[in-house]
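**Student:** just to be clear, the model below is a prediction. Sequence and coordinates:
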Amino acid sequence: MKQLSVIVAAILLAPLMARAAACCGGGIPVPALVLGDEKANISSTLTYSSVGTDVTADGIWQHRNITEQAQTLRLDSAHIVADRFQIGASLPVVRRARNDDTRTGLGDVAINGGYEFLPEWDYSPWKPRGLSYIQL
C-alpha cells in the first residue's frame, strides 16, 4: 500500500516540477480520430506555457526581464462518414501575453481525413488494426 501511495504522489506532483523546451510550441498537432466503437468524438485540450529564462548560444542561462505567457485552447472533433472513412478538424484558439500586450487569435487550424485499411471486424489479439490519415 505504501508503494502505491508513492507512485500516486509521484504522478500527481511530477507535472509541478516538469520543465519543457520552447521548441514547437510545446506540442504537436495530433489529429482528431475516432479509434473506438463510437460514431463521433469531441475533445478539448488546454495548454499553458510561460517563458522565464533564455539560453544563449554559449549555453549561458539568462533570466528575462519581461514575462511572456501563452495559453492554447484546442477543440478537436471527428466523425465517421462511411464504414471505414472519417473526417475531423482541430480549432486552436491562442492567447499570448507579453508584459501588458495581450492578443488572442486562431492557431494552426487542421482538417483531416482517415481511412481504416486494416479493419477490425471482430476482436483478435493477433490481428493488427491499421488506420491512415491525411491532415491539411
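**Tutor:** That came through, no problem. Numbers count the residues shown, from 1 in each chain.

**Student:** and the strands in the chain?
**Tutor:** 40-55, 61-80, 85-98, 101-106, 110-118, 130-135 (DSSP state E).

**Student:** can you list those in TSV and add distance to residue 2, mean neighbour count and mean pLDDT?
**Tutor:** To be clear about C-beta, it is placed using only N, CA and C from the backbone, and glycine gets the same treatment. Formatted as TSV, these follow (distance: least, Cβ to Cβ, whole Å; neighbours: other Cβ atoms under 10 Å; pLDDT from 0 to 100):
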stretch	distance to residue 2	mean neighbour count	mean pLDDT
strand 40-55	33	12	87
strand 61-80	38	14	89
strand 85-98	42	17	92
strand 101-106	46	10	92
strand 110-118	44	16	89
strand 130-135	42	13	86
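
**Student:** ok, the closest residue to residue 129 other than its chain neighbours to residue 79 distance?
**Tutor:** Spatial nearest neighbour of residue 129, chain neighbours left out: residue 120 (4.6 Å); criterion: Cβ to Cβ, 6 or more residues apart in numbering. Distance of residue 120 to residue 79, computed by Cβ to Cβ, to the nearest Å: 19 Å.

**Student:** can I get the strands of the chain in TSV including distance to residue 31?
**Tutor:** Converted to TSV, the strands of the chain look like this (distance: least, Cβ to Cβ, whole Å):
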stretch	distance to residue 31
strand 40-55	12
strand 61-80	8
strand 85-98	6
strand 101-106	17
strand 110-118	4
strand 130-135	5
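
**Student:** one step back: burial of the residue nearest to residue 129, as a residue count?
**Tutor:** 14 (other Cβ atoms under 10 Å).

**Student:** pLDDT at it, what is it?
**Tutor:** Here the pLDDT value assigned to residue 120 is 77.

**Student:** ok, now residue 26?
**Tutor:** 47.

**Student:** check residue 7 too.
**Tutor:** In this model, residue 7 carries a pLDDT of 81.

**Student:** again with residue 16
**Tutor:** For residue 16, the model assigns a pLDDT of 63.

**Student:** got it, and the one 5 residues further on?
**Tutor:** According to the predicted model, the pLDDT of residue 21 comes to 56.

**Student:** what sits against residue 95?
**Tutor:** 70-72, 102-104 (Cβ atoms under 8 Å, 6 or more residues apart in numbering).
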